[in-house]
Structure formats: C-alpha cells, structure tokens
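Asker: give the three-dimensional model of this entry:
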Amino acid sequence: MNRRSVLLELAVRPLYLGMLGAALWVLLRGHNDPGGGFIAGLIAVAATSALAIVLGVARARRWLPLAPMPLAAAGVALALASGLPALLFGEPYLTHQWGTLPLGEGGLKLSTVLAFDLGVLAAVWGALAGYVLGLLAAGEEGTKA
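Answerer: I've put the predicted structure just below:
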C-alpha cells in the first residue's frame, strides 16, 4: 500500500526551488572557490530526485527545464561551444575570455567560464536525472504489480 504524506507534498515544492537556488549560488560562487557547474548539477539532481520520490516521476519530469537527455545534450553543446570564442582571438580552444557588458556602474562582468559551468550543470542534471527518474519509474511500475 502506498501511503501519502501531505506534509512532504507541501514541503517538496519550496524545497525544490530552494535547492535550485542553492545550485545557482554554487554555480556562481564556483569561479573563486570550490563549487561550480558539477556540484550545482548534483544539487539540481538531488532536487529532482526529492520531487520524484514525493510526487512521482511524471510530475518531476514536468518540473525539468527540458527532458533529461535533451537537457544533458544541450549542456554538453554549451560547454563545448564555450571554448570557441578563444579561436576568434587566435588563442587555444577553451582559453576563457572575459568581458564587461556596459550596464550601470561598472557593468556586468561576463566570461566563457560561466557558460562552460552552466553547460556542465545542465549535462550533469540531465544525465543523472534521466538515470534517477528511470530507476524510480521502474520502482513505481514494480509496486503497481
């Protein structure tokens, strides 16, 4: 018999959003300290896993920005593309570039490092979410029998 926990169902949505916020924070912090795209991706997978365990796989899939494999593929593509701007400046592939977008005082500092880390986050999130959701879906089917 499958028992529902109303408390968990109420708590998992804000927990999911909070964990994605933590993943974003780790992603942005990772340029100067340990962290970055890989750890942020693991946090995002943990958030998706919590959602799937409490609400079910089908509902958790709807909360992903893309289906798992397209998310992973887009992440790999972004990480690979982040190395291309260096070639425009005659530098080796994946030599990261830095620039400032003129917005307000001092502008917004951008780098290809952030694009690379964002790609790693998406690749880890998509690949591992696909794996975890597949395992949980198999478990859901086993309990129905």
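Asker: and the strands in the chain?
Answerer: All strands of the chain, identified by DSSP state E, fall at 98-101, 108-111.
Asker: right, so the ones you listed: which one is the most enclosed?
Answerer: strand 108-111 (a mean of 12; mean count of other C-beta atoms under 10 Å). No exception for glycine: its C-beta is placed from N, CA and C like everyone else's.
Asker: check which helices and strands that strand sits against.
Answerer: strand 98-101 (3 or more C-beta pairs under 8 Å, 6 or more residues apart in numbering; DSSP states H and E).
Asker: of all the strands of the chain, which one is nearest residue 17?
Answerer: With respect to residue 17, and counting by C-beta to C-beta, the nearest of the strands of the chain is strand 108-111 at 24.4 Å.
Asker: just checking: what are the partner strands of that closest one?
Answerer: strand 98-101 (antiparallel) (DSSP bridges).
Asker: now the lowest-mean-pLDDT helix or strand in the chain - C-alpha only, CSV.
Answerer: Ranked by mean pLDDT, DSSP states H and E, the helix or strand of the chain with the weakest confidence is strand 108-111, at a mean of 81. Output of strand 108-111 as CSV, limited to C-alpha atoms (Å, rounded to 0.1, in the frame of the first residue of the first chain):
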residue,chain,number,x,y,z
LEU,A,108,28.2,43.3,-15.8
LYS,A,109,31.3,41.1,-16.0
LEU,A,110,30.8,38.0,-18.2
SER,A,111,33.1,35.1,-19.0
